[in-house]
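K.L.:
Model the structure of this input:
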Amino acid sequence: MRLSYCTIFNELESSLQLEGCSISKFQILYTLYFDGPLKQVKLAEQSKVTKSNISTFMKRIESEKLVRKLFVDQEKRPKFILTNKGEKFFERIFPIHVSNIKKHIKPMPMSVNNYLSDITKKCGDFTHDEGK
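P.N.:
Numbering: from 1, shown residues only. Coordinates of the predicted model:
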């Protein structure tokens, strides 16, 4: 079982890297896309990135202009929010990632496939013709 997990994880990670994205970056973008602006600590918890790594990840992603800080009222710590560039980047890679996941889970129960279809729909229809 562990070998299967590692094989699938490595294949998914490799496919994300072809799109210029790491697993950690994907998790952060996914969390911000679906859960909205979050402080660093909450973002670390929800995206399964350690608190010690989140600061470095956020600086890197911020330097890529995929996220920006959002200061709310008098709060000392900012929340992070996706930029337009970040949203477009995520909306481009998300369906590719879901498609790659589906290749590996076809034998899984229909409920898993339905769940993936549902979250893909939440992102909207990212497939469009080049000529339009």
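K.L.:
which helices and strands sit right next to the helix or strand hosting Lys42?
P.N.:
Using DSSP states H and E, Lys42 sits within helix 40-47. Where contact means 3 or more C-beta pairs under 8 Å, 6 or more residues apart in numbering; DSSP states H and E, helix 40-47 is packed against helix 23-35, helix 51-63. The C-beta positions use only the backbone N, C-alpha and C, and glycine is treated the same way.
K.L.:
quick one: low-confidence ranges for this protein?
P.N.:
1-5, 105-110, 112-113, 116, 119-120, 122-132 (pLDDT under 70).
K.L.:
hang on, the earlier thing: relative to helix 51-63, how tilted is the helix holding Lys42?
P.N.:
Comparing the axes of helix 40-47 and helix 51-63 via axes from the mean of the first three to the mean of the last three C-alpha atoms, to 10 degrees yields an angle of 100 degrees.
K.L.:
Just the CA trace of helix 40-47, in CSV.
P.N.:
Provided in CSV are the C-alpha atoms of helix 40-47 (Å, rounded to 0.1, in the frame of the first residue of the first chain):
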residue,chain,number,x,y,z
GLN,A,40,-0.5,32.6,7.9
VAL,A,41,-1.1,30.3,10.9
LYS,A,42,-4.6,29.3,9.7
LEU,A,43,-3.3,28.9,6.2
ALA,A,44,-0.6,26.5,7.5
GLU,A,45,-3.2,24.5,9.4
GLN,A,46,-5.6,24.2,6.5
SER,A,47,-3.1,23.6,3.7
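K.L.:
Need the residues that contact that helix.
P.N.:
24, 27-28, 30-32, 35, 38, 49-51, 53-55, 58, 77, 80 (C-beta atoms under 8 Å, 6 or more residues apart in numbering).
K.L.:
Mind checking which of those are buried?
P.N.:
Ser24, Gln27, Ile28, Tyr30, Thr31, Leu32, Leu38, Val49, Ile54, Met58, Phe80 (16 or more other C-beta atoms under 10 Å).
K.L.:
where's the last one, which helix or strand?
P.N.:
So the one you mean is Phe80. Phe80 belongs to strand 79-82, assigned by DSSP H and E.
K.L.:
neighbouring contacts of that strand?
P.N.:
Outside strand 79-82, the residues touching it (C-beta under 8 Å, 6+ apart) are 29, 32-33, 36-40, 43, 58, 62, 66-72, 90.
K.L.:
Alright, I will stop here.
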